[in-house]
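>>> Build the 3D model from these lines:
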Amino acid sequence: MERIKLEYVKNFRDLGGYLTSDNKVTNFNRIYRSSVPTTLTDKEREFFRRNNLKTIIDLRNKEEITKKKNAFSNFEEFNYYNIPLRGGDFPKKEKDISYGYLDIIDDLDSIKEVFKTIRDSEGIVLINCNAGKDRTGVICMLILLLCNVLEDEILIDYQVSYTYLRDDIRKMHLDNPKMPKYLGNSKMEYMEDALKLFKDKYESIDNYMMLLGFTKKDILKIVKKLVD
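Below is the predicted model of the structure:
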């Protein structure tokens, strides 16, 4: 994992550098994840253009997009796709978080569209939602699982979101003192429990992808986006 430092986007990072079960390492500059990039400087736009970022997958709903437009959608050199996933609402209880992630995983039609877009993409792919933590976290978990990345590495990738977002999250709680303290966090246990729920329901990532309608050839093409 490598953070990409942008002026206005705090939670922007690379899915490269994670160890797989067969001692491979995920490649850098293949798939990025981020919070919503509402502003890009000219220098940042040129950096992404030169580095072959081509495909943007925005997982937010129409209401969220109306409030915060994705800056990449303004430029014709980037292929912008809006594929809304379930989620985006605050969980009422902390124990609901992992079940909320399972609900996202169960959004089969939308997740199929996300993986089809990744499969058919050119260049680097960027996946974002609002904070880049929950919906984006679930999609990245599924991608890393598909690439046989070790579970410890998947948990590391998930939990770092709070570190990058902590100033905004602390301000959110200061401005809303009655808000439950767990909101905005990315504790390892949330994703760890979601992984258990996923395996209990779908048994394996291969079964899940087959359920979505992907062939072994499709799966290999998706995996090669991140692991040679």
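>>> okay, CA-based contacts and neighbour counts for the rest of this
Fine.
>>> Show me what the helix or strand hosting Tyr208 packs onto, helices and strands only.
In this structure, Tyr208 is located in helix 205-212 according to DSSP states H and E. The helices and strands touching helix 205-212, judged by 3 or more CA pairs under 8 Å, 6 or more residues apart in numbering; DSSP states H and E, are helix 108-119, helix 135-146.
>>> Partner strands of the following helix or strand past the first one and their direction?
Spelled out, it's helix 108-119. For helix 108-119, the following helix or strand on the C-terminal side (DSSP H and E) is strand 124-128. Here strand 124-128 is paired, per DSSP bridges, with strand 31-34 (parallel), strand 53-58 (parallel).
>>> what does stretch 35-52 rub up against?
6-12, 29, 68-72, 77, 123-124, 128-133 (CA atoms under 8 Å, 6 or more residues apart in numbering).
>>> Asn207 is nearest to which of the helices and strands packed on helix 205-212?
Checking these against Asn207 by CA to CA gives helix 135-146 as the closest, at 10.6 Å.
>>> follow-up on the earlier one: I'd like to know which of the strands paired with strand 124-128 lies nearest to Lys224.
strand 31-34 (11.1 Å).
>>> Show me how far that closest one is from its chain's centre.
7 Å (CA atoms, centre = their mean, to the nearest Å).
>>> sorry, back to before: would you mind listing which of the contacts of stretch 35-52 are buried?
Burial by neighbour count, 16 or more other CA atoms under 10 Å: within the contacts of stretch 35-52 this picks out 6, 9-12, 29, 70, 72, 124, 128-133.
>>> Could you single out the nearest of those residues to Asp96?
Lys133 (15.5 Å).
>>> So which of the contacts of stretch 35-52 sit within strands?
12, 124, 128 (DSSP state E).
>>> Among the helices and strands packed on helix 205-212, show me which one is buried the most.
Across these, the average number of neighbours (mean count of other CA atoms under 10 Å) peaks for helix 135-146, which reaches a mean of 22.
>>> Quickly note the distance from the residue nearest the centre of the chain to Tyr18.
Centroid check for the chain by CA atoms, centre = their mean gives Thr136 as the closest residue, at 2.4 Å. According to CA to CA, to the nearest Å, Thr136 stands 17 Å off from Tyr18.
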